[in-house]
Each structure stands twice: as structure tokens, then as C-alpha cells.
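> Quick one, structure for this:
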Amino acid sequence: MSEPTPNAGKRFFNRELSWLSFNRRVMEEACNPAHPLLERLRFLSISGSNFDEFFMVRVAGLMGQQLQNIEARSDDGLTPGQQLAAISAEAEVLADSQQSVWTDIRYQLTEAGIEVLDADEIDGEIEAWLNAHFREQIFPILTPQALDPAHPFPFIPNQGSSVIFDLVRRSDREPIRELVLLPMTMPRFVRLPGNPARYVAVDTMLKRFSHLLFPGYDVLGSAAFRVLRDSDLEIEEEAEDLVLTFRSAIKRRRRGRVIRLEMEESISPALEAVLKEELGGSEALLTETGGFLGIGELSMLVDEDRPDLKFPPYTARFPERIREYGGDCFAAIRAKDIVVHHPYETFDVVLSFLGQAAADPDVVAIKQTLYRAGKQPQVINALIAAAEAGKSVTAVVELKARFDEEQNLLWATALERAGVQVVYGFIDWKTHAKVSMVVRREGAMFRTYCHFGTGNYHPVTARIYTDLSFFTADPRMGRDAAQIFNYVTGYVEPAGLDLMSISPRALRNDLVALIDDEIDHARKGRPAAIWAKMNSIVDPAVIEKLYEASNAGVEIDLIIRGICCLRPGVAGMSENIRVKSIVGRFLEHSRIWAFGAGKGLPSDAAKVFMSSADWMPRNFDRRVEFMLPILNPTVHDQVIDQVMVANLLDNEQSWLLQPDGRYARVQPGEEGGFNLHRYFMTNPSLSGRGAALESRKPVPKLSLKRRRSAKKEA
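Alright, predicted model coming up:
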């Protein structure tokens, strides 16, 4: 990476601080009165889980650089130490905000009949029931450990919670210090029977019933604490056996160095000193809170059976086009390319595609990438059934999918036992492309059917992530997909791809060429526009090219859910760039790129692409990704006139990025509110409608004139 320029901080936002800003937007949804109460709590818990992962990976990486005296600066010009100082300050503000939001939500939950009890609220019948529950269900699991020269401080696993006690023996007033680790498998809360719903945190119970655990002792002081450890896996480039290497690395991760130590605000100086000394507190970032430790674990409360406090249930649609062919995926795809818009259209269509391939005697081969498949076995079972039916099945299992490594190892073992050819891809690159390829004998020839996705083959996340699934029998796409698989399985360099572009070979260069085309259109007086939707934009070369395009007069609208290092709206640099972030009921995850091609946007002539990649250095340089053009007219219209336009129109769950890095929530104007997610929940998609297309509801359009005026008003 080249050294940043002296003015880098004026041209780029810091990656880590931008992520913290995204997590604040997630947390802000917990304050949104438009959401039901338990959904607000869900947003808060998600922000807590995100926060943990940020420390375990991103902060851990910066601390590692600092410990090794690596002074490599970020693209905005900051050293690791400077970034850590800025992160620490911003993170503490965010952590305090999370606690404040929890206090507010907790009060409203109580009003709604869901109580979280403190120790001083445990009395009467509640105390009697909890006392019996503690003796029978919790006491046998706990293992108190004395802390003295004969009993060294125990290992606290990553994300482990514990309670430390200062005790004194009544008989001789001898002091003793004890630690009780809360087992990771134990739910954080205990729910009392009946209604109203009443919950007690396990650490609260442990303190309340400490006399049962330590009979004959008086408690002088106690405090709960929680540990976050470095969770990034380091893999040797010359690993001889990647599977064994990952199994060892996963074990090491659980014992990584402490990155963050969270303690109760009421902790005594003596107990705090012990924790700092034993857990590397001199190097870890410390947090003292008077609220709840482990905000992410509040997710257990969201499971309470209160439909009145949750979003109305939504049942995803199955594409009518495939139903018109009697459920025959191959016949429907053979007739016309189809795009499926998740989660509004069900992921079951992907499972049906794979299930039909496994059962069809004319299918001879299946090739499948697996990045994050989750714990549900539908995709794995389809591949196993195909292999057991005698088909040639190849699965590219990515072991480096962070926090899914262990599950992916289990799936790989199950697949291999069934006769699937399992390939782990490159040691130093991740295979992030989502591709499924089915080769079918049809008469005297073979036809290839492909599925390309912007999201993972994960049945659970497909219900909450907005993604595109593209099905095609275009032989050019089939040939390109085959070359991608050969590249990953046999390191065979792709030669002359027909339609697609892949990283780390040419994706950045091909993207830059598309931006250059728009610059050329603008300089020659033709309409020039770029619309792009993705999770993050970080790559400095692409950002600089977008600045160049802005200065040339290209109108650029970016929908970036998470990290954005590009600084929009700066005169003479990015005044023609507008960036918005959408945070709502569903997680925006699809990657879509559109270029006006001299006609402006939206238009039939626009060049439209879907991809598995964000615009980040890792996606361009260290991952196998794809970018494919959308050529079918109906699919093209859906992606441009429906998906992208609706994203740009949304004014109920959108935030605009300001030149100074702040995000301002968009407010509905005189024309009223438009909610992207609600629109797609109530309006069918174009591509999957089949014969019903004639009676479809009109799709909102967004003219260039309207877009520019909206931009000026913002």
C-alpha cells in the first residue's frame, strides 16, 4: 500500500471510525419509534454484537501492529496508535449511548409487561422460585475457584463473563478471593414462569444467591466482568495441511490476547487491580459500566412470544415464473434469465434449484462455492444427495470465512464422507464469489445452468439480508463460471472470459474503465451518471477515480450501508457525489453497479452489473469475486427501475453522509414517505412474475432532474 498523501485526511474518512459511525446508525434504530419495542431491542443487541466483533478483529489488528511497532498509516494518514486513541474515545461514547438506550428500552419493556429484575427486586415468591432454580439448575454447573498462590488465575475464554468475589470467612475472619466463570453454554437470562414475563440475568442471580455458593462466608465485594480477545486467525502461508492448520488456529483464537476488559462500574479498586494485572489490563482497552455487560446478549429477550411488540410476520413470495413451469427450475431458466430478490422472494427457489439438480438423472455435474452456509443443512444435504446419486459434485468450501471456520470444517467433513470433491481454494485468498453451476444432459448436448448471488448460500440470513439471486442458462455465463471454478480448484488462470470480470485478476481495472467511460461521456457533453449500491467503499484508487468523475461532471449516487471512506459533497473534489446509508428492517447486502453509458440513469442503455464484491482492497486484491453484466431486458429493468430506484427514493430509513463525516437522517418531504422495505414487501418483482407481469403495479421512476433537485435540497 502506498503512503498516504499529506492531505489524505481531507480526502478520506478513517475506515474504523466510519464503521463505528455505521454501528451508531444501527443503535439509533433502537430509538426509532416507528419500530415495535422488541424490534428496537433487536437493533440494540445487534449493535452490541457488532461492537464485540469490531474489537475482536479490527481493534485487535491495530493493537497487534502497535505491539510490533508497525507504523503503517491508514489511507487517511493515521498511525495505529492514533487510530486506537480515536477509536477508544469514540467507542466509549458509543458504549455509553448503548447503556442509555438500554435503560430507556428496559423501562418501556416493563410498561409492556416484560421485566428484567435487579437483585433488590428478588423477594417473596420470586425469591423462592429462583432459589430452587439456582440450587437445581445452576449450582451444579458452577465451579468457584479460589485465587491464591495455590490456585492461579483461571483462563477466561473470549466473550466469557465472570463474577469475582471478595469474601471473609465468618469463623476466623480470614479473607479469600473467589472467581466464578459463567459457562458459555448457559443462557444469560432465566425466565420465571407465567406472566408478566420476568427475567433475571444469571450474574445477578449469582450475586443474589452467593450464600448458597459460599456458605460460611460474608461477601465484602463483588463485580461482574467480561473479556474480549483477539479473534483474528493467522495462517502460515506455507501450511502443508490447511484443514489441520485451521483446526489449530481456531483453538488458538479462543486464547487470544485480551483486547477489551469490561467491568461493572461499582467494582472496588482492589478487584479492578487484580483483573488488570491478571488479564493484561495494561494493554487492553478498559470499560467500566453501570449498566449491562454484553449488550449483544439482550437478544435472548427478543425471543419472548409477544407478536404485538414485533414486526408483522412476512412470508416471502415464490417466483411465479417457476410455478408456471410446474416448479421446473431448469425449464423456467432455459426460457429466460431470472433474478430473485431476497428476502422478498424466498431463498427456497435456490434450494429447489439445487434439490432438482440432485434428483434429476440428466444432471451429470454440480459445482458449488460455500462461503457461509450457516448451520442449517439444506444446501449441504442437496450436494450430498447428488453425490450419493452418482453425480460429479465439487464443493469449494472457504475455511477463511471469519467466525464460520469451524462450521465450514464440519460441512467439509460431511461432504467428503458422501463422496463430494471438497476443495479449499487458495491459502492467502478467500473465495468469496457465490456461484452454483449445474451441467445437464439435454438430448445430444450438455447445457449449463448457473446461479450467481450477491449473498451467501445461507437459508437463515437470506430471510433478513436483501440480496439478488441470478439464474441463467446463457452458455457464455456457463463458460465463465467453469473458468472460475477451474481457477479456484486447479489454479488454472482464466483465459478470455466472455462476459464476467473476476478479482484478483482484473476487477478493479475493469471497474475503473467503466468509470472512465462515464468521465468521457461527461467531457463530451453527454449525460453521465453512476449509481452503485454495496456494503462498503474503502479502496483509495477507486475513490480517487470517483473524485475525478465528479470533477468531470458525472452525477454519482452511492448507497453504502456500512463503511464509507469517500468524502462526498466537497467543492472541487466530490460535489457531484451523494452518499446515503439505509438501515431498516432488513440488512441491505446486495451489490449493484449501474453506469449511464451516455444516456444517463435510469435508461435502457445503462450498463448494469451485479457482484459479490464491495469496493475494498481485500475484495479487489485478496478475494476471488465476480462482476457480471445484466443483459436480459426484464432483469435489467427490475434492477434499475425497481431495486435501484427504490433505494434512491427511500426517505424513511435513510441517512445522508455529510462532508464532515456526520450522517443526517433523511426526513420525508411534502411528497410523503417512501419505505424501501415496505415497498418490496407489498409489490411483486418484475423478473419473477411471468404471465402476471401484464397486471403488475407501476414501478416508481426517478428522473435525473428530480435526483439533482433532491440533491441540492439536501
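
> correct me, but residue 668 touches residue 674?
Yes: using C-beta atoms under 8 Å as the test, residue 668 is close enough to residue 674 to be in contact (7.4 Å). C-beta coordinates here come from the backbone N, C-alpha and C atoms, glycine included.

> the helices in the stretch 551-700 of the chain, which residues?
Using DSSP state H, counting those that start in this stretch, the helices of the stretch 551-700 of the chain run over residues 617-621, 633-637, 645-649, 676-682.

> Off-centre distance for the first one?
If you compare the mean C-alpha spot of helix 617-621 with that of the full chain, they lie 17 Å apart, counting by C-alpha atoms, centre = their mean, to the nearest Å.

> and residue 106, how many neighbours does it have?
Residue crowding around residue 106 was assessed by other C-beta atoms under 10 Å; the count is 18.

> That one: what's it in contact with?
The neighbours of residue 106, taking C-beta atoms under 8 Å, 6 or more residues apart in numbering as the test, are residue 116.

> Distance of it relative to residue 51?
The spacing between residue 106 and residue 51, counted by C-beta to C-beta, to the nearest Å, is 18 Å.

> Please work out which of the helices of the stretch 551-700 of the chain is packed deepest.
The highest mean neighbour count among those, using mean count of other C-beta atoms under 10 Å, belongs to helix 645-649: a mean of 21.

> what mean pLDDT would you report for that helix?
Throughout helix 645-649, pLDDT has a mean value of 93.

> Grab the longest helix from the chain for me.
Across the chain, the longest stretch assigned as helix under DSSP state H is helix 80-111.

> what's the helix or strand following that helix in contact with?
Secondary structure here is assigned by DSSP states H and E; on that basis, the next helix or strand after helix 80-111 toward the C-terminus is strand 114-116. Applying C-beta under 8 Å, 6+ apart, the set of residues contacting strand 114-116 from outside is 106, 109-110, 189, 196-201, 301, 304, 306, 309.

> ditto for stretch 11-24
With C-beta under 8 Å, 6+ apart as the contact definition, stretch 11-24 has outside contacts at 4-5, 47, 50-51, 54, 58-59, 62, 74-76, 78, 83, 86-87, 90-91, 94, 97, 538, 540, 543-544, 547, 561-567, 573, 581, 661, 663.

> ok, back up a step: okay, and the common contacts of residue 668 and residue 674?
What both residue 668 and residue 674 touch, as defined by C-beta under 8 Å, 6+ apart, is the set 651-652.

> Of the two, which one has the most company?
Higher neighbour count among residue 668 and residue 674: residue 674, with 17 against 13, using other C-beta under 10 Å.

> Correct me if wrong: that one contacts residue 653.
No: assessed by C-beta under 8 Å, residue 674 is found out of contact with residue 653, at 9.9 Å.

> separation between residue 302 and residue 536?
Relative to residue 536, and taking C-beta to C-beta, residue 302 is found at 27 Å.

> if I pick the closest residue to residue 37 other than its chain neighbours, what's in contact with it?
Distance criterion C-beta to C-beta, 6 or more residues apart in numbering; nearest residue to residue 37, sequence neighbours excluded, is residue 309 at 4.6 Å. With contacts defined as C-beta under 8 Å, 6+ apart, the neighbours of residue 309 are 36-39, 112, 114.

> Dump the residues you listed to CSV, plus distance to residue 657, pLDDT and neighbour count.
Shown next, in CSV, are the contacts of residue 309 (distance: C-beta to C-beta, whole Å; pLDDT from 0 to 100; neighbours: other C-beta atoms under 10 Å):
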residue, distance to residue 657, pLDDT, neighbour count
36, 28, 98, 17
37, 29, 98, 20
38, 30, 98, 21
39, 25, 98, 18
112, 35, 97, 17
114, 36, 98, 23
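
> Looking at those residues, spot the one nearest residue 220.
In terms of C-beta to C-beta, no member of these lies closer to residue 220 than residue 114, at 34.0 Å.

> Quick one: distance of the longest helix of the chain to the chain centre.
Relative to the mean C-alpha coordinate of its chain, helix 80-111 is positioned 20 Å out (C-alpha atoms, centre = their mean).

> Stretch 201-214 now?
The chain centroid and the centroid of stretch 201-214 are separated by 36 Å, computed with C-alpha atoms, centre = their mean.

> now stretch 565-572
Between the centre of stretch 565-572 and the centre of its chain there are 26 Å (C-alpha atoms, centre = their mean).

> Low-confidence ranges, the stretch 601-714 of the chain, go.
686-714 (pLDDT under 70).

> can you give me the strands in it?
Per DSSP state E, counting those that start in this stretch, the stretch 601-714 of the chain carries strands over the ranges 607-611, 623-629, 654-657, 663-665.

> swap in the stretch 251-400 of the chain?
Assigned by DSSP E, counting those that start in this stretch, the strands in the stretch 251-400 of the chain fall at 258-264, 285-289, 338-342, 363-370, 392-397.

> so what does the first one touch, helix or strand wise?
Read that as strand 258-264. Applying 3 or more C-beta pairs under 8 Å, 6 or more residues apart in numbering; DSSP states H and E, one finds that strand 258-264 makes contact with strand 217-229, helix 269-278, strand 285-289.

> Then the second one?
Taking 3+ C-beta pairs under 8 Å, 6+ apart as contact, the helices and strands that strand 285-289 lies on are helix 80-111, strand 258-264.

> And the ones you listed, which one averages the lowest pLDDT?
Mean pLDDT values for the helices and strands packed on strand 285-289 show the minimum at strand 258-264, a mean of 91.

> tell me the angle it makes with strand 285-289.
Using axes from the mean of the first three to the mean of the last three C-alpha atoms, to 10 degrees, the direction of strand 258-264 lies 20 degrees away from that of strand 285-289.

> What lies in contact with strand 258-264?
Defining contact as C-beta under 8 Å, 6+ apart, one finds that strand 258-264 is touched by 55-56, 59-60, 63, 223-230, 272, 275-276, 279-281, 283-290, 293-294.

> rerun that using 6 Å as the cut-off
Applying C-beta atoms under 6 Å, 6 or more residues apart in numbering, the contact partners of strand 258-264 are 55, 59-60, 223-230, 279-281, 284-288, 293.

> picking that back up, in the longest helix of the chain, what's buried?
Along helix 80-111, these residues count as buried under the neighbour rule (16 or more other C-beta atoms under 10 Å): 80, 83-84, 87, 90-91, 94-95, 97-99, 101-102, 105-106, 109.

> next one: stretch 285-298
Applying a neighbour-count criterion of 16+ other C-beta under 10 Å, the buried positions in stretch 285-298 are 285-289, 291-298.

> and that stretch, how far out from the chain's middle?
So, by C-alpha atoms, centre = their mean, the centroid of stretch 285-298 is 21 Å from its chain's centroid.
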